[in-house]
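1. the following block contains a protein sequence and its predicted model.
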Amino acid sequence: MVVQISPSILSADFARLADEAARVGDVADWLHVDVMDNHFVPNLTLGLPVVESLLKATQLPVDCHLMIEDPDRWAVGYAEAGAGSVTIHAEAAKAPVRTLRAIREAGARAGFALNPATPVEPYEDLLGEIDMLLVMTVEPGFGGQRFLDIVLPKVRRARELIERHGGEIWLQVDGGVSAATIERCADAGADVFVAGNAVYGAEDAAQAVRDLRDRAESAFKKRTAAS
Ligand code: DX5
Ligand code: ZN
């Protein structure tokens, strides 16, 4: 798989989550679930009980993005519940190595997220513990925000570090990803794309996913052919 699309249910109708997941069930690679605690970010969404229900209601693997304080305490529960991927934030984790290892041991992919102002270089030595690096392209907390172009150089540097490190580490972008911005992300080296508004704001969510994938795929292939 060259690129992967992970629609964010933050922009979906929370009263009909199973139906909303089904709208992209045949075309998406993941279902992105934003867990927010009103402390790490100024917004409150959902937690483990809802994720457990969602896991039963969809065939898609669930990509849990934890925007919470104390992920060291809570992350493993999402992995144990059956999430395919669990991402913790660099700014919130106090023992990231222990927590990333616990996520993997519980059978999920271990994700590590960086806010727009958090540099990637200090985490180079952690790459061996990480299955997916998430570079936020908005300040986390809300859907529908404007894409931050200033983060693109960091996406590029993250791709370089990943290539130098070797192994299979996915590079995810999240925030403001749309038909207008996804090619820039893929060109900078991202290969997993979260999209909330661009998918659930569209009348035909499945078609929006296909369109995003086409754009990302051609930009990604162009980049890899050139390098
Ligand atoms: C924001 C969340 C995102 C959000 C993206 O903090 O992490 O996953 O749903 O939404 P859009 O794609 O609308 O920016
Ligand atoms: Zn997210």
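-> Cool, got the structure. Ligands and ions are numbered 1, 2, ... in the order given.
2. from here on, contacts and neighbour counts on C-alpha atoms
-> OK.
3. count of neighbours near the closest residue to V120 other than its chain neighbours?
-> With Cα to Cα, 6 or more residues apart in numbering as the criterion, V120 has its nearest non-adjacent residue at 6.5 Å, and that residue is A158. Applying other Cα atoms under 10 Å, we find 24 residues neighbouring A158.
4. wait, isn't A158 in contact with P119?
-> No. Counting by Cα atoms under 8 Å, A158 sits too far from P119 to count as a contact (9.4 Å).
5. and stretch 184-195, what's its mean pLDDT?
-> Averaging the model's pLDDT scores along stretch 184-195 yields 98.
6. starting at the chain centroid, how far to that stretch?
-> 11 Å (Cα atoms, centre = their mean, to the nearest Å).
7. residues making contact with it?
-> 2-8, 32, 152-153, 155-156, 159, 170-178, 182, 216-217, 219-220, 222-223 (Cα atoms under 8 Å, 6 or more residues apart in numbering).
8. same check on stretch 198-208?
-> Contacts of stretch 198-208 (Cα under 8 Å, 6+ apart): 7-9, 11-12, 23-24, 26-28, 177-179, 209.
9. ends of it, what's the gap?
-> End-to-end distance of stretch 198-208 (Cα to Cα, to the nearest Å): 7 Å.
10. what about R213, which SS state?
-> With DSSP: H, G, I helix; E, B strand; the rest coil as the basis, R213 sits in helix.
11. which residues touch the closest residue to it other than its chain neighbours?
-> Using Cα to Cα, 6+ apart and skipping residues adjacent in sequence, the residue nearest R213 is I5, 6.6 Å away. I5 makes contact with 28-30, 192-195, 209, 212-213, according to Cα under 8 Å, 6+ apart.
12. so which of those is the most crowded?
-> Most surrounded of the contacts of I5: other Cα under 10 Å gives A195, at 31 neighbours.
13. out of everything not next to it in sequence, what's closest to that residue?
-> P7 (4.9 Å).
14. what about stretch 105-119, average pLDDT?
-> The model assigns stretch 105-119 a mean pLDDT of 99.
15. got the buried residues for it?
-> Using 16 or more other Cα atoms under 10 Å as the test for burial, stretch 105-119 gives 106-116.
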